[in-house]
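In: Structure for this input, please:
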Amino acid sequence: MSLTSEKRNKKNEDRMGKLPDDVLLKIMSFLNTKQAVQTCVLSKRWKSLWQSLPNLDFNFDTFPFQQEIDDEDEEELEMKMCSFSNFISQVLFRRCPTDLLKVCVQSLSYDRHASVLAGLICYAVKHNVQHVTFQLIGGCSFLMPKSLYTCHSLTSLGLKGNVWMPIKPPTLLACPALKYLRLSRISTAGPNFEPTAFSGCPNLETLELLDIRPGSKNLCINAVNLRSLVLSFALDFDCKVEIYAPRLTTFKDSGYVPMMCLRENLAFLDDVYFDIKASIFILNEEEHVIRLINAFNEFRHAKSLTLSTSTVKVLTKFPSMVDRNLLPFANLKHLNIKVKKWQSKGFEIPACILNYFLNRSTVLKICMDNQMAGYESPEDSD
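Out: So this is what the prediction gives:
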């Protein structure tokens with residue numbers, strides 16, 4: 001009986017409760033803040049543990065606490081936003097004044113509640129936050145507190161606007177520790193992206209500008225230590241991109257190709273990826289191909305080049321233009337064509353495209369999901 005009782009006691013033992021606080025806080029960091037706060041009902045040990053969380057994750061879609069609501073009903077939506085804002089305020093009020101590692105926010109933005117969202121960002125900056133992601137999923141425009149753009153502890157920042165209301169990025173960032181910056185659904189209209197826009201981020205290594213809404217001014221990217229750059233234009237506009245990034249090793253362009261100008265020969269460039277859509281807006285198709293060929297010329301020092309099938313199709317619309325503009329890809333070692341699984345049987349690559357890239361290189365690899373087909377250049381087939 002004693003052995004059976006001992007086994008029963010071991011089975012019912014609260015093993016997780018015996019873990020040290022720092023381990024429990026690490027586990028709780030994988031929960032959103034609403035779930036983490038709810039652990040306070042487990043026992044006395046858990047009652048105030050959440051107050052020392054290093055990560056805060058506020059997701060509007062997890063509110064209210066009890067019942068589902070109709071998101072198309074403005075009155076119910078306002079009630080949901082009130083619940084969400086009150087929860088943020090209570091968490092910040094009750095939280096221990098320890099440093100923050102990460103803050104994630106997905107929220108609507110209404111004028112009545114904008115001060116709560118701004119207060120959250122200011123609180124994070126005051127508590128030496130290192131990682132911030134903020135997604136605006138609806139409502140009205142939201143002006144990010146200026147203190148975020150001068151935060152000395154920040155190492156990564158991600159901002160995402162909504163479809164109808166793109167985020168207006170700062171005219172100047174002064175975050176000396178920032179290494180990763182991701183701005184999604186942004187607008188370059190107005191006095192933004194001057195050549196000095198990133199000069200206050202000397203350690204910036206990765207920059208992703210996604211779903212860009214071009215303005216009347218050129219897009220200037222000046223970042224001396226930048227290693228990886230990702231650009232994605234949501235619309236086909238007459239926009240010029242100037243890039244000064246002498247240490248760039250990886251570049252990706254998707255959506256619609258802009259006019260490009262590199263102000264430095266990229267000696268360290270390894271990987272370049274183009275995923276270009278067919279032009280359906282302002283530019284005619286021939287101009288679109290000219291821009292793409294000019295972009296290839298700017299990145300002619302690449303050692304590895306990857307093209308989507310849509311990019312290949314854009315080039316094949318004007319084969320004579322491709323033949324007239326053979327480029328000296330002297331460093332090119334690999335050309336990868338990304339072919340989706342459903343295209344693998346019917347996709348063909350015209351000879352002019354192969355010749356365009358292989359006139360100076362020796363290896364071509366065509367990627368079809370996990371399958372790889374290799375082709376040698378005529379020089380190596382002898």
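
In: Need the three-state assignment for Thr98.
Out: Per DSSP: H, G, I helix; E, B strand; the rest coil, the local secondary structure of Thr98 is coil.

In: Need the phi and psi values for it.
Out: phi -100, psi 160 (degrees, to the nearest 10).

In: That one contacts Val129, correct?
Out: No: using C-beta atoms under 8 Å, Thr98 is not in contact with Val129, being 11.4 Å away. No exception for glycine: its C-beta is placed from N, CA and C like everyone else's.

In: More neighbours: which of those two?
Out: Legend: neighbour count by other C-beta atoms under 10 Å for Thr98 and Val129, higher for Val129 (24 against 12).

In: roughly how far apart are Ser187 and Phe60?
Out: According to C-beta to C-beta, to the nearest Å, Ser187 and Phe60 sit 23 Å apart.

In: how about the helices of the stretch 151-300 of the chain, start to end?
Out: Secondary structure of the stretch 151-300 of the chain (DSSP state H, counting those that start in this stretch): helices located at 285-298.

In: Next: the stretch 1-150 of the chain.
Out: Ranges of helices within the stretch 1-150 of the chain are 2-11, 21-28, 33-38, 74-94, 114-126, based on DSSP H, counting those that start in this stretch.

In: Need those helices in a markdown table (columns: mean pLDDT and mean neighbour count).
Out: Putting the helices of the stretch 1-150 of the chain into a markdown table (pLDDT from 0 to 100; neighbours: other C-beta atoms under 10 Å) gives the following:
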| stretch | mean pLDDT | mean neighbour count |
| --- | --- | --- |
| helix 2-11 | 54 | 8 |
| helix 21-28 | 84 | 14 |
| helix 33-38 | 90 | 18 |
| helix 74-94 | 88 | 16 |
| helix 114-126 | 94 | 19 |
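
In: Need these in JSON lines (columns: distance to Phe142).
Out: Formatted as JSON lines, those follow (distance: least, C-beta to C-beta, whole Å):
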{"stretch": "helix 2-11", "distance to Phe142": "51"}
{"stretch": "helix 21-28", "distance to Phe142": "28"}
{"stretch": "helix 33-38", "distance to Phe142": "20"}
{"stretch": "helix 74-94", "distance to Phe142": "13"}
{"stretch": "helix 114-126", "distance to Phe142": "6"}
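
In: Of those helices, which is nearest Gln51?
Out: In terms of C-beta to C-beta, the element of the helices of the stretch 1-150 of the chain nearest to Gln51 is helix 74-94, at 5.9 Å.

In: Using PDB, write out every CA atom in the closest one.
Out: The C-alpha coordinates for helix 74-94 follow below in PDB (Å, rounded to 0.1, in the frame of the first residue of the first chain):
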ATOM      1  CA  GLU A  74     -19.000  48.900 -35.100                       C
ATOM      2  CA  GLU A  75     -20.500  49.000 -31.600                       C
ATOM      3  CA  GLU A  76     -19.200  45.500 -30.800                       C
ATOM      4  CA  LEU A  77     -15.900  46.300 -32.400                       C
ATOM      5  CA  GLU A  78     -15.500  49.400 -30.100                       C
ATOM      6  CA  MET A  79     -16.300  47.200 -27.100                       C
ATOM      7  CA  LYS A  80     -13.600  44.800 -28.100                       C
ATOM      8  CA  MET A  81     -11.100  47.600 -28.600                       C
ATOM      9  CA  CYS A  82     -12.000  48.900 -25.100                       C
ATOM     10  CA  SER A  83     -11.400  45.500 -23.600                       C
ATOM     11  CA  PHE A  84      -8.100  45.200 -25.400                       C
ATOM     12  CA  SER A  85      -6.900  48.700 -24.400                       C
ATOM     13  CA  ASN A  86      -7.900  48.200 -20.800                       C
ATOM     14  CA  PHE A  87      -6.000  44.900 -20.700                       C
ATOM     15  CA  ILE A  88      -2.800  46.600 -22.000                       C
ATOM     16  CA  SER A  89      -3.100  49.400 -19.400                       C
ATOM     17  CA  GLN A  90      -3.600  46.900 -16.600                       C
ATOM     18  CA  VAL A  91      -0.600  44.800 -17.700                       C
ATOM     19  CA  LEU A  92       1.700  47.800 -17.900                       C
ATOM     20  CA  PHE A  93       0.400  49.100 -14.500                       C
ATOM     21  CA  ARG A  94       0.900  45.800 -12.700                       C
END
